[in-house]
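Q: Sequence isn't available, so here's the structure alone:
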């Protein structure tokens, strides 16, 4: 079946039921609740008249119609997979029911109609998708949008899968399927609308904030809501947050709501547009400054300049979030030697910034070790004192984990160490140690040209003198050792 035929899911099943006087149903339910038949849009406790409407044959209808005092009787519909006879009820439960005047005489089997509306989505999909193919393993809900990531082998069934989920998931008005991997530049992906509304502007709530965005142009992952909350809980009023890859604001907006000053950056112009709207929507636009830069420029220009001019209360902290798991670690090198020898004294007066860096560990037994290795290799430093925590965030795929590395951004990383200075050697050293006078001016045939040449030579000599002084200073400080 590749086209949904709802009539095909009509079925008649034999179910056990128990007829109980209406005056006893609350007490009886305490003993029967574990045996009740649970179906979608179906109440396992029915009035006699309602129950008659879903019975499948005349014999069953006669059984129920001929009940004495049927107006004062209620019907408990039991699960046939659990109950095949009255004796299948737990003995203690049968004893308690007996006190209520309920016994085996109240127990009957009847034929009941079940239709498409009563089946769960996974039950319907198991009946549709061939057993040799994987069925739908899961989906995400983003506002009114149900997001699937179907395997290629299910492409023939994607329309019917979308329709079933649209029918069965109450909050869904659109079903979309991801058709390629996440774009490494803007972190969004191409999608196809399988069924439902084509409007991709979603509204979601997370961490007591409301977010709106066009899901087709930005990145949003509801599976990260708990991790977002973990970080936001670490932030307090008066703190500063630099969000290097901010998206539409899952860190920035709730942090701003707590009274934290936020500098939020994203390369995707659409993310910046919606981030500004979300800041205004949550009335925190006065706390959030939005930048549309590459992460490198944001770190080296915006973040650096802001830190150098930052004045904080003694109890305030500095936080830096870097949630771009595939690439964030490659931006760490831009923190290395970020401050010059003149600037580092200002940095020392600040609380040590805390970096929350996200990365993937793939196909390894120890994902924490891999995460540490990524960070230390990128910075070319041993970070025993700087790595504060390595935390497992979630399993993304088989043998692929998302990790968070919490790093104390110490002077060892951002200071003007030898690693940041240019090391002149080999071919370049030969260039700065010329064998002959580069300031000699030959073939001057006029006084006018000689005077021009003299001025030129004087300027070059000054440059040469300053350059030599820099080289001597470098040698005296051990730069060339």
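A: Received it, and whenever you're ready, just let me know what you need. On a predicted model such as this, the values are computed, not experimentally measured, just so you know.

Q: burial count for residue 20?
A: 22 (other CB atoms under 10 Å). To be clear about C-beta, it is placed using only N, CA and C from the backbone, and glycine gets the same treatment.

Q: For stretch 286-296, buried residues please.
A: Across stretch 286-296, burial judged by 16 or more other CB atoms under 10 Å covers 287, 288, 289, 290, 291, 293, 295.

Q: Now do the strands in the stretch 151-300 of the chain.
A: In the stretch 151-300 of the chain, the strands defined using DSSP state E, counting those that start in this stretch lie at 174-178, 191-196, 201-206, 209-214, 240-243, 261-265, 288-291.

Q: right, and those strands - which one's nearest residue 35?
A: strand 174-178 (35.2 Å; CB to CB).

Q: what mean pLDDT does the closest one have?
A: Strand 174-178 shows a mean pLDDT of 95.

Q: Now do it: which elements does it pack against?
A: strand 145-148, helix 158-168, strand 191-196 (3 or more CB pairs under 8 Å, 6 or more residues apart in numbering; DSSP states H and E).

Q: Now residue 338. Nearest residue, chain neighbours left out?
A: Computed as CB to CB, 6 or more residues apart in numbering, the closest residue to residue 338 that is not its neighbour in sequence is residue 414, at 4.4 Å.

Q: want to try TSV for the strands of the stretch 151-300 of the chain, with distance to residue 4 as columns?
A: Shown next, in TSV, are the strands of the stretch 151-300 of the chain (distance: least, CB to CB, whole Å):
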stretch	distance to residue 4
strand 174-178	13
strand 191-196	10
strand 201-206	25
strand 209-214	29
strand 240-243	44
strand 261-265	44
strand 288-291	44
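
Q: what about the ones you listed, which gets the closest to residue 141?
A: Per CB to CB, nearest to residue 141 of the strands of the stretch 151-300 of the chain: strand 201-206, 8.6 Å.

Q: by how many degrees do the closest one and strand 174-178 diverge?
A: Here strand 201-206 runs at an angle of 90 degrees relative to strand 174-178 (axes from the mean of the first three to the mean of the last three CA atoms, to 10 degrees).

Q: what does the average pLDDT come to for strand 201-206?
A: pLDDT averaged over strand 201-206 gives 98.

Q: Quick one: residues in contact with that strand.
A: The set of residues external to strand 201-206 that reach it, using CB atoms under 8 Å, 6 or more residues apart in numbering, is 142-145, 210-215, 220, 222, 225, 228, 250, 254.

Q: same check, this time on stretch 38-50
A: Against stretch 38-50 from outside (CB under 8 Å, 6+ apart): 25, 29, 36-37, 64, 67, 70-71, 73-79, 114, 117-120, 168.

Q: 6 Å - rerun?
A: 36, 37, 64, 70, 73, 75, 76, 77, 117, 118, 120 (CB atoms under 6 Å, 6 or more residues apart in numbering).

Q: Now that stretch: average pLDDT?
A: 93.

Q: Name the residues of it that are buried.
A: Buried residues in stretch 38-50 (16+ other CB under 10 Å): 39, 44, 45, 46, 48.

Q: so what's the residue lying closest to the second one once chain neighbours are set aside bridging to?
A: Residue nearest to residue 44 in three dimensions, not counting chain neighbours: residue 36, with 4.0 Å by CB to CB, 6+ apart. Beta-bridge pairing of residue 36 under DSSP bridges involves residue 78.

Q: Give me the distance between the closest residue to residue 238 other than its chain neighbours and residue 231.
A: Spatial nearest neighbour of residue 238, chain neighbours left out: residue 316 (4.4 Å); criterion: CB to CB, 6+ apart. To residue 231, residue 316 is 16 Å away according to CB to CB, to the nearest Å.

Q: Neighbour count for those two, which is higher?
A: With neighbours defined as other CB under 10 Å, residue 316 and residue 231 compare such that residue 231 has more, 22 against 17.

Q: list the contacts for that one?
A: Counted by CB under 6 Å, 6+ apart, residue 231 has contacts residue 356.

Q: let's see 8 Å
A: Counted by CB under 8 Å, 6+ apart, residue 231 has contacts 251, 319, 321, 356.

Q: What of residue 251?
A: Counting by CB under 8 Å, 6+ apart, residue 251 has contacts 228, 231, 232, 241, 243, 264, 321, 323.

Q: Identify the residues contacting the third one.
A: For residue 232, the residues meeting the contact criterion (CB under 8 Å, 6+ apart) are 207, 251, 254, 255, 258.

Q: Among those, list the two that are farthest apart in space.
A: Of all pairs in these, the most separated under CB to CB is 251 and 258 at 11.2 Å.

Q: if we can go back for a sec, mean neighbour count, the helices and strands packed on strand 174-178: which tops it?
A: Stretch with highest mean neighbour count among the helices and strands packed on strand 174-178: strand 145-148 (a mean of 23; mean count of other CB atoms under 10 Å).

Q: ok, residues contacting it?
A: By CB under 8 Å, 6+ apart, strand 145-148 touches 136, 139-141, 158, 161-162, 165-166, 169, 172-178, 191, 194, 200, 202, 215.

Q: which neighbours does that strand have in its sheet, and in what orientation?
A: strand 140-142 (antiparallel), strand 174-178 (parallel).

Q: Do a quick rundown of the strands in the stretch 351-481 of the chain.
A: 354-362, 387-397, 400-408.

Q: closest one to residue 108 among those strands?
A: strand 387-397 (48.1 Å).

Q: The closest one relative to strand 354-362, how many degrees between them?
A: Using the same axes, to 10 degrees: strand 387-397 against strand 354-362 is 40 degrees.

Q: Check which helices and strands strand 387-397 sits against.
A: strand 354-362, helix 367-379, strand 400-408.

Q: Determine which stretch of those is the most buried.
A: Using mean count of other CB under 10 Å, strand 354-362 ranks as the most buried of the helices and strands packed on strand 387-397, with a mean of 22.

Q: residues in contact with that one?
A: By CB under 8 Å, 6+ apart, strand 354-362 touches 231, 234, 317-326, 328-329, 332, 335, 367-368, 370-371, 374-375, 388, 393, 396, 399-409.

Q: orientation of that strand relative to strand 400-408 in degrees?
A: Going by the same axes, to 10 degrees, strand 354-362 makes 160 degrees with strand 400-408.
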